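Undergrad: Predicted model and sequence below, questions to follow.
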Amino acid sequence: MNIGDVAERSGLPAKTIRYYEDIGLVKPLRSANGYRSFRDRDVHKLAFLGRARALGFSIENCRNLLKLYEDDDRTSSEVKQIAEVQLDRIDRKIAELTEMRATLAHLVDACAGDHRPDCPILADLAAKEEEIALLNEAG
């Protein structure tokens, strides 16, 4: 199978597939003329990687998950541990985004959005910039 067929079947762009090959996540066969020849198991691995990346797993976690997937002697606790760490990252990110949203919503509500130049949004951004400058001067 060529890279175009594999891209279509796995749902990943050819550029991503080439990258995954470059970093050793997949190893398609090479013909004498250098063309890649993908097998069904390569397509399966790529789809696996696409799903794992969609869940936010890092490349290194994907590498570890693939190794565990291919290891018949694995324990599910090893897999669960990787997934729990990722879940914790997602929960932290949600909390950060929720806080960001609340702050921005407050600023948007405080801004009249009229013809006057005063704007609480810009004032808040400038205050944070001044705070950083003061910290840099003190440090």
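TA: Arrived safely, thanks for sending.
Undergrad: Which helix or which strand is home to Y20?
TA: helix 14-22 (DSSP states H and E).
Undergrad: Mind listing residues that contact that helix?
TA: The contact list for helix 14-22 (C-beta atoms under 8 Å, 6 or more residues apart in numbering) reads 3-4, 6-7, 10, 12, 26-28, 36, 46, 49-50. Heads up, the C-betas are built off the backbone N, CA and C, glycines and all.
Undergrad: so of these, which ones are in strands?
TA: The strands, defined by DSSP state E, take in R36 from the contacts of helix 14-22.
Undergrad: between the contacts of helix 14-22, which is closest to F57?
TA: Nearest to F57 among the contacts of helix 14-22 is L49, at 8.9 Å by C-beta to C-beta.
Undergrad: can you pull the contacts of the closest residue to that closest one other than its chain neighbours?
TA: Computed as C-beta to C-beta, 6 or more residues apart in numbering, the closest residue to L49 that is not its neighbour in sequence is C62, at 5.4 Å. For C62, the contacting residues are 25, 49, 52-53, by C-beta under 8 Å, 6+ apart.
Undergrad: which among the residues you listed gets closest to T75?
TA: For the contacts of C62, the nearest to T75 is A52 (18.6 Å; C-beta to C-beta).
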